[in-house]
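> I would like to see how this sequence folds:
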Amino acid sequence: MLATQYPLSQSPFIVGPPITQPRQFFGRERILRRLFRFLKTHPLQNAAIIGQRRAGKTSLLQYIQSIPGALPTTLRSGQKYDWLPNPEVYRWVYVDFQDSGLHSREGLLRYLLQAMELAVPGVCTLASFMEQVRDRLNRPTVVLMDEIGVGLQRCPELDDDFWECLRSWATTRANGNLAFVLATPESPLVLARQTGHSSPFFNIFGYTTTLGPFTDSEAREFLTSAPIPLAAEDMAWMLHHSQGWPILLQVCCRERLFYLEDGDSGDGWHQDALEQMRPYIHLLEPL
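Model prediction:
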């Protein structure tokens, strides 16, 4: 029996889960321009997105794979979506290393083959995987790897032999049609050394970028998206206390909206917002 679906209204501000709906994603335009420039020319190039915990790495990966195929009618007015000249030819493979099903070598290799719609051998080894992918990528393919630190720290089967296999695939067996985009708390080389890995896979990332706070204009664009217009003094308070970090802006807007919806014009929401910001306060600390 199919489960009954109960549609819910969409929350305007999201704290905790990543942003999955493109219309709710704001900012990062400079990074997006760079990334898509590397993905729309041949050969595709690899990139690493570095960021602290809760900096927005997962939301950015989700956006990269969803925005090229998004319909303009599902986006905000004026939101850019034409990042790629032929988005329909691209294949996107999202790998979340927090998924325990991807912690084994065979489980991950099978997942990659299935996502690329290639034949999956009965026993999926590195050799049989390479046999399946050898010179068979005839369309641009982007593998987005989220929480790669988990894969390096907790998955002993994903050893240097595994990562060297992926490097060989990317550099010599994909005809320039494959790119890896990693989300990582440290640079790939530093993270590899910290976890005892020495595979040259981690030095193929010619572009790295670090996620920081929104620019002032990005933060203000986000604030003006509130379903109930925010007063100038409220926006100033939010900008000051969040320092432009997306998740802290989400917290501030959510708490202010609660008060506005209840008809409470007081400033009690300040304390509530500060309390709810505590789990993410590390973002405000100097590195």
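> which residues in the stretch 101-250 of the chain form strands?
Ranges of strands within the stretch 101-250 of the chain are 141-146, 178-184, 207-210, based on DSSP state E, counting those that start in this stretch.
> Centre of the chain to the longest one, how far?
Between the centre of strand 178-184 and the centre of its chain there are 10 Å (C-alpha atoms, centre = their mean, to the nearest Å).
> repeat for the first one
On the basis of C-alpha atoms, centre = their mean, strand 141-146 is displaced by 10 Å from the centre of the chain it belongs to.
> cool, stretch 60-71 as well?
In terms of C-alpha atoms, centre = their mean, the centre of stretch 60-71 is set 10 Å apart from its chain centre.
> same thing with stretch 133-153?
That offset, for stretch 133-153, works out to 14 Å (C-alpha atoms, centre = their mean).
> what comes up buried for that stretch?
Across stretch 133-153, burial judged by 16 or more other C-beta atoms under 10 Å covers 133, 137, 140-152. (C-beta placed from N, C-alpha, C; glycine too.)
> Restricting to C-alpha, output it in PDB.
Extracted in PDB, the C-alpha atoms of stretch 133-153 (Å, rounded to 0.1, in the frame of the first residue of the first chain):
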ATOM      1  CA  VAL A 133      34.000   2.800 -17.200                       C
ATOM      2  CA  ARG A 134      36.900   2.600 -19.600                       C
ATOM      3  CA  ASP A 135      36.300   5.100 -22.400                       C
ATOM      4  CA  ARG A 136      32.600   4.900 -21.900                       C
ATOM      5  CA  LEU A 137      31.800   8.400 -20.700                       C
ATOM      6  CA  ASN A 138      30.300  10.000 -23.800                       C
ATOM      7  CA  ARG A 139      28.600  12.900 -22.000                       C
ATOM      8  CA  PRO A 140      29.900  15.300 -19.300                       C
ATOM      9  CA  THR A 141      29.700  13.700 -15.900                       C
ATOM     10  CA  VAL A 142      30.200  15.500 -12.600                       C
ATOM     11  CA  VAL A 143      30.700  13.500  -9.400                       C
ATOM     12  CA  LEU A 144      29.800  15.600  -6.300                       C
ATOM     13  CA  MET A 145      31.400  14.100  -3.200                       C
ATOM     14  CA  ASP A 146      30.000  15.400   0.100                       C
ATOM     15  CA  GLU A 147      31.500  14.800   3.500                       C
ATOM     16  CA  ILE A 148      34.600  13.300   2.000                       C
ATOM     17  CA  GLY A 149      36.300  13.600   5.400                       C
ATOM     18  CA  VAL A 150      33.900  10.900   6.700                       C
ATOM     19  CA  GLY A 151      35.000   8.600   3.800                       C
ATOM     20  CA  LEU A 152      38.600   9.100   4.600                       C
ATOM     21  CA  GLN A 153      38.300   8.700   8.300                       C
END
